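Trainee: sequence first, then the predicted structure:
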Amino acid sequence: MIAYHDAEWGVPVHHDRIHFEFLTLEGAQAGLSWETILKKRDSYREAFANFDPARVSRFTPARVERLLANPGIVRNRLKVASTVQNAKAFRAVQKEFGTFDSYVWGFVGGTARVGRWVS
């Protein structure tokens with residue numbers, strides 16, 4: 001957890017594949033610990049085409065069924081199906097904005113917000 005905290009948590013991201021990875025992992029984490037999901041991260045990369053949203057958006061119902069038999073991921077039908085739906089929505093955002101990164105960073109003018117404690 002220390003390596004994740006020091007190298008990834010809160011670090012600005014500007015790559016669509018990484019954005020999709022975190023979207024997928026955060027969805028899988030719901031109701032579970034983040035440590036549980038990080039332990040399954042490599043299996044998620046393999047199961048979800050290295051978090052390529054274009055490929056995941058084309059997963060068929062048969063592919064989803066095969067994923068539900070994969071002990072390396074959280075085998076919750078709604079979570080797996082939502083990953084495929086999220087990939088489709090992600091692709092729609094990419095189509096409209098060029099990249100998901102452009103879309104998400106557009107909310108903050110492309111600059112990370114850094115809070116300053118007053119007291």
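Mentor: Right, received. Where do you want to start? Residues are numbered from 1 along each chain as shown.

Trainee: CA atoms only for the least confident helix or strand in the chain by mean pLDDT, dumped as CSV, please.
Mentor: Lowest on mean pLDDT, DSSP states H and E among the helices and strands of the chain sits helix 2-7, with a mean of 86. Output in CSV follows, covering the C-alpha atoms of helix 2-7 (Å, rounded to 0.1, in the frame of the first residue of the first chain):
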residue,chain,number,x,y,z
ILE,A,2,2.9,2.4,0.6
ALA,A,3,4.2,2.0,-2.9
TYR,A,4,0.7,2.6,-4.3
HIS,A,5,0.3,5.6,-2.0
ASP,A,6,3.6,7.2,-2.8
ALA,A,7,3.7,6.5,-6.6
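
Trainee: that one: which residues count as buried?
Mentor: Buried residues in helix 2-7, counted by 16 or more other Cβ atoms under 10 Å: none are found. Where C-beta positions appear, they are placed from N, C-alpha and C, glycine not excepted.

Trainee: again with stretch 23-39
Mentor: So for stretch 23-39, counting by 16+ other Cβ under 10 Å, buried means L23, T24, L25, G27, A28, Q29, I37, L38.

Trainee: and it, what's its mean pLDDT?
Mentor: Mean pLDDT, stretch 23-39: 96.

Trainee: stretch 65-84 now?
Mentor: 98.

Trainee: all set, thanks.
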